[in-house]
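# from the sequence below, what's the structure:
(one chain, ligands or ions: 1)
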Amino acid sequence: MNRKRADGDEASAGPPNTDVLRALVAGARQRITSAEDLAALSAVEAELTGRRSALATWKRELGGLDEAARRELGGELNEKRRVLEALIAERRAALVEVARAGVLEADRLDLTEVIPAPGPGHPHLVTRIREELEDIFLGMGYEIAEGPEVETDWYNFTALNMPPDHPARSGQDSFYVDLGDGESVLLRTHTSPVQIHLLERGVLPIYAVMPGLVYRRDTPDASHLPVFHQLEGLVVDRGITFGDLAGTIETFTKAIFGEDVRARLRPGYFPFTEPSAEFDISCTICGGVGCRTCSGVGWIELGGCGLVHPAVLESTGVDPEVWSGFAFGFGIDRVAIMRHGIEDMRAFIENDVRFLAGC
Ligand code: PHE
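Numbering: from 1, shown residues only. Predicted structure coming up:
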């Protein structure tokens with residue numbers, strides 16, 4: 001008979017006897033149970049029970065046998081087929097269950113949130129900049145001084161050559177508490193009153209920086225806070241000139257912003273310095289070419305400065321004929337936003353941990 005060979009060798013050797021059939025089932029059972037997934041099982045199934053399987057081939061050959069042998073072998077073949085089909089069905093059910101469990105596992109919602117233990121904190125950016133500035137000036141031979149945040153009118157204004165009704169007072173409005181008898185105290189509007197405290201101490205020469213909080217009746221915006229930090233500088237010695245002031249500003253701005261940054265002085269006005277100037281640094285965002293942050297001018301204003309007004313020295317009993325000096329003051333918060341490219345100063349007081357942790 002011209003027939004196609006089936007996969008099993010048994011099929012080509014004529015009708016199988018009982019041993020061959022038993023061996024077939026044993027081998028098949030092993031292959032079925034070791035099928036790793038549904039696709040592998042389907043392949044095994046096709047080989048064992050498909051059209052080209054040994055079982056199918058033998059069945060086709062039944063017609064060549066006599067009736068008794070045909071009935072007997074036919075019955076056996078059917079039985080073996082049922083056995084194999086049952087084994088395959090059983091394995092398939094098991095594999096379907098495994099696949100379903102895999103899908104469920106992949107889809108499982110993990111409701112156990114892992115919250116990392118809080119790590120160590122760090123000082124606020126403004127505090128770190130203040131400390132850095134203090135270090136720079138300590139390195140230049142300055143001392144660090146402090147003064148009260150609640151001042152009398154005398155220290156905050158009058159001794160600084162701003163008598164009552166002086167128009168410059170209106171630029172720094174503050175919170176006053178009336179003490180009666182015409183006396184009032186206020187939250188200091190700048191750190192310049194500490195100049196007066198130092199001068200009153202009567203110990204000369206003076207090389208000091210005075211950091212601290214100041215208060216103004218300002219509405220917060222991207223570059224203003226009603227409570228902010230200043231760093232005041234005061235030098236009083238013999239023969240101090242405007243050149244010393246310019247050199248000092250150049251030195252500390254380079255130290256805090258980097259060597260590429262340039263400083264410049266512009267004529268300005270403060271009642272307690274003469275001559276007075278405002279000082280700018282080249283824009284840290286655009287490098288001085290002009291951008292949105294510096295309104296296209298390439299420079300950003302940092303603070304005020306000047307030679308100490310003789311009237312200020314006199315108001316504290318220091319002889320302006322013998323002593324001269326310079327003073328400067330600027331916002332530490334502003335240095336912080338400029339050095340770190342922070343667009344809105346209000347971020348400093350919003351207590352958003354994501355911002356605070358990142359700077
Ligand atoms: N106190 C001034 C201000 O707050 C800044 C300043 C300090 C100006 C020292 C001159 C000298 O605007």
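
# stretch 135-149: end-to-end distance?
End-to-end distance for stretch 135-149, by Cα to Cα, to the nearest Å: 23 Å.

# show me this structure divided up by domain.
Residue ranges for the domains of the chain, per automatic domain parsing: 3-107, 125-358.

# ranking those by burial, who's on top?
Between the domains of the chain, domain 125-358 has the highest mean count of neighbours, a mean of 17, where neighbours are mean count of other Cβ atoms under 10 Å. C-beta: built from backbone N, CA, C; applies to glycine.

# nearest to the ligand, out of the domains of the chain?
Between the ligand and the domains of the chain, the tightest spacing by Cβ to the nearest ligand atom is seen for domain 125-358, at 2.8 Å.

# now that closest one: mean pLDDT?
For domain 125-358, mean pLDDT is 94.

# residues contacting residue 197?
Contact analysis of residue 197 by Cβ atoms under 8 Å, 6 or more residues apart in numbering lists 145, 147, 155.

# now name the helix or strand holding the last one.
It stands for residue 155. Per DSSP states H and E: residue 155 is located in helix 153-156.

# packing partners for that helix?
In terms of contacts (3 or more Cβ pairs under 8 Å, 6 or more residues apart in numbering; DSSP states H and E), helix 153-156 is packed against strand 183-187, helix 193-201.

# can I get the ones you listed in TSV including distance to the ligand?
Putting the helices and strands packed on helix 153-156 into TSV (distance: least, Cβ to the nearest ligand atom, whole Å) gives the following:
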stretch	distance to the ligand
strand 183-187	13
helix 193-201	7
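
# tabulate those (TSV), appending distance to residue 220.
Below are the helices and strands packed on helix 153-156 laid out as TSV (distance: least, Cβ to Cβ, whole Å):
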stretch	distance to residue 220
strand 183-187	16
helix 193-201	24
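
# wondering if the helix holding residue 155 reaches the ligand at all.
No: Helix 153-156 stays clear of the ligand (Cβ under 6 Å from any ligand atom), getting no nearer than 9.9 Å.

# quick one: stretch 320-339 near the ligand?
Yes: applying Cβ under 6 Å from any ligand atom, one finds that stretch 320-339 is in contact with the ligand at 327, 328, 329.

# bridged to residue 326, which residues?
Beta bridges link residue 326 to residue 235, residue 307, judged by DSSP bridges.

# contacts only, for it.
By Cβ under 8 Å, 6+ apart, the contact list for residue 326 reads 233-235, 240, 242, 244-245, 248, 273, 305-308.

# give me the pLDDT for the residue lying farthest from the centre of the chain.
Here the chain reaches farthest from its C-alpha mean at residue 66, the gap being 88.5 Å by Cα atoms, centre = their mean. Listed pLDDT for residue 66 reads 89.

# element containing residue 219?
Residue 219 belongs to no helix or strand, assigned by DSSP H and E.

# I'd guessed it sits against residue 173; true?
No: contact between residue 219 and residue 173 fails when scored by Cβ atoms under 8 Å: they sit 11.6 Å apart.

# overlap in contacts of these two?
Contacts common to residue 219 and residue 173, judged by Cβ under 8 Å, 6+ apart, are absent.

# check contacts around the closest residue in space to residue 276 that isn't next to it in sequence.
Nearest non-adjacent residue to residue 276, counting by Cβ to Cβ, 6 or more residues apart in numbering: residue 306, 3.7 Å away. Going by Cβ under 8 Å, 6+ apart, residue 306 touches 245, 268, 270, 272, 273, 274, 275, 276, 277, 326, 327, 328.

# near the ligand, which residues of the stretch 251-359 of the chain?
270, 273, 303, 304, 305, 306, 327, 328, 329.

# now do the SS call for residue 211.
Following DSSP: H, G, I helix; E, B strand; the rest coil, residue 211 is assigned to strand.

# residue ranges of the helices in this structure, please?
18-33, 38-49, 54-61, 67-107, 125-139, 153-156, 193-201, 242-257, 310-315, 332-340, 353-358 (DSSP state H).

# can you tell which of those is closest to residue 207?
Among the helices of the chain, the nearest to residue 207 by Cβ to Cβ is helix 125-139 (8.4 Å).

# how far off helix 242-257 does the closest one point, in degrees?
130 degrees (axes from the mean of the first three to the mean of the last three Cα atoms, to 10 degrees).

# centre-most residue in the chain?
The centre of the chain sits closest to residue 358, judged by Cα atoms, centre = their mean, with a distance of 3.7 Å.

# measure that residue to residue 352 for me?
10 Å (Cβ to Cβ, to the nearest Å).
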